[in-house]
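In: Need coordinates for the below:
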Amino acid sequence: MFVRAYLRASTAEQDAHRARACLDAFAEDHGLAIATRYVENENGAKLARPELFRLLADCHPGDVLLIEQVDRLSRLTEPDWRQLRAEIEAKQLRIVALDLPTSWTVTAPADHFTARMLAAVNAMLLDVLAAVARKDYEDRRRRHTEGTAKAKAAGTYKGRRENAARNEGIATMLRTGSSWQQIQDTFRCSKGTIAKVRKRLNATMEDRPAADVSHNS
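Out: Numbers count the residues shown, from 1 in each chain. Predicted structure coming up:
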């Protein structure tokens, strides 16, 4: 049984490796060996996820896709979830989720009738959990938007607090000519964060000559 573990976190600031210990412990308890892991920092509400689709491209019929929770796989809209599920079914990939105990049965031998029944139950429960994950995502976004609007109206909105220490480290690596990939690997940050730091750094460097000229005159 070839087991492929998929680990996802929503942003580069979060740790996609966090679930690794849980997945490893589950595999050991159920006599499984995780053959390969696919790790990425992408929003689960987005269908286009490079590592997920690399997993799908690599897999063979009967392989197991091991995830911590169904929402690690999907916070998708219904059309996108149906598309992803169709891709998974076409590959004959079996999903095992730690938060879906009925899916654990694919790791144990079963007769043909029982296997078909459990597959039908799991498919239904996956749809339910995917719908719940999407609703949770939409509810959190709505609450965040409402909270931001309320804070702005009250004049108390300050935006997201900047990680000054991290950004200074990024700026230092940019100054020394490090590649964006090296910076991402070091700080686990997004390209957007690096771009903002670089823009600020460039603006600072452009201002220096003007300040010097003004001082000299």
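In: just checking, what packs against the helix or strand harbouring Trp81?
Out: Per DSSP states H and E: Trp81 is located in helix 78-90. For helix 78-90, the elements it packs on are helix 112-154, judged by 3 or more CB pairs under 8 Å, 6 or more residues apart in numbering; DSSP states H and E. Yep, even glycine has a C-beta here, placed from its N, CA and C like the rest.
In: the domain parsing of this structure - what is it?
Out: Residue ranges for the domains of the chain, per automatic domain parsing: 3-136, 164-216.
In: Keeping just the C-alphas, turn the helix holding Trp81 into PDB.
Out: Below are the C-alpha coordinates for helix 78-90, written out as PDB (Å, rounded to 0.1, in the frame of the first residue of the first chain):
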ATOM      1  CA  GLU A  78     -18.900  23.200  -4.500                       C
ATOM      2  CA  PRO A  79     -17.900  23.300  -8.300                       C
ATOM      3  CA  ASP A  80     -14.200  23.300  -7.400                       C
ATOM      4  CA  TRP A  81     -14.600  20.500  -4.900                       C
ATOM      5  CA  ARG A  82     -16.500  18.400  -7.500                       C
ATOM      6  CA  GLN A  83     -13.700  19.000 -10.000                       C
ATOM      7  CA  LEU A  84     -11.000  18.000  -7.400                       C
ATOM      8  CA  ARG A  85     -13.000  14.900  -6.300                       C
ATOM      9  CA  ALA A  86     -13.400  13.900  -9.900                       C
ATOM     10  CA  GLU A  87      -9.600  14.100 -10.400                       C
ATOM     11  CA  ILE A  88      -9.100  12.000  -7.200                       C
ATOM     12  CA  GLU A  89     -11.700   9.400  -8.300                       C
ATOM     13  CA  ALA A  90     -10.200   9.200 -11.800                       C
END
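In: so what strands line up beside the next helix or strand along the chain from it?
Out: For helix 78-90, the following helix or strand on the C-terminal side (DSSP H and E) is strand 94-97. Strand 94-97 sits in its sheet next to strand 64-67 (parallel), going by DSSP bridges.
In: what ranges of the chain fall below the confidence cut-off?
Out: Scanning the chain for pLDDT under 70 picks out 11-14, 206-217.
In: Secondary structure element for Leu23, which one?
Out: Taking DSSP H and E as the definition, one finds Leu23 inside helix 20-29.
In: which element follows that helix toward the C-terminus?
Out: Going down the chain from helix 20-29, the next helix or strand is strand 34-41, by DSSP H and E.
In: Need the CA coordinates for stretch 118-136. CSV is fine.
Out: Below are the C-alpha coordinates for stretch 118-136, written out as CSV (Å, rounded to 0.1, in the frame of the first residue of the first chain):
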residue,chain,number,x,y,z
LEU,A,118,-17.6,1.8,3.1
ALA,A,119,-16.4,3.6,-0.1
ALA,A,120,-20.0,4.9,-0.6
VAL,A,121,-20.2,6.1,3.1
ASN,A,122,-16.8,7.8,2.9
ALA,A,123,-17.7,9.6,-0.3
MET,A,124,-20.9,11.0,1.3
LEU,A,125,-19.0,12.0,4.5
LEU,A,126,-16.2,13.6,2.5
ASP,A,127,-18.8,15.8,0.7
VAL,A,128,-20.4,16.8,4.0
LEU,A,129,-17.0,17.7,5.6
ALA,A,130,-15.9,19.6,2.5
ALA,A,131,-19.1,21.6,2.7
VAL,A,132,-18.6,22.3,6.4
ALA,A,133,-15.0,23.3,5.7
ARG,A,134,-16.2,25.8,3.1
LYS,A,135,-18.9,27.2,5.3
ASP,A,136,-16.4,27.7,8.1
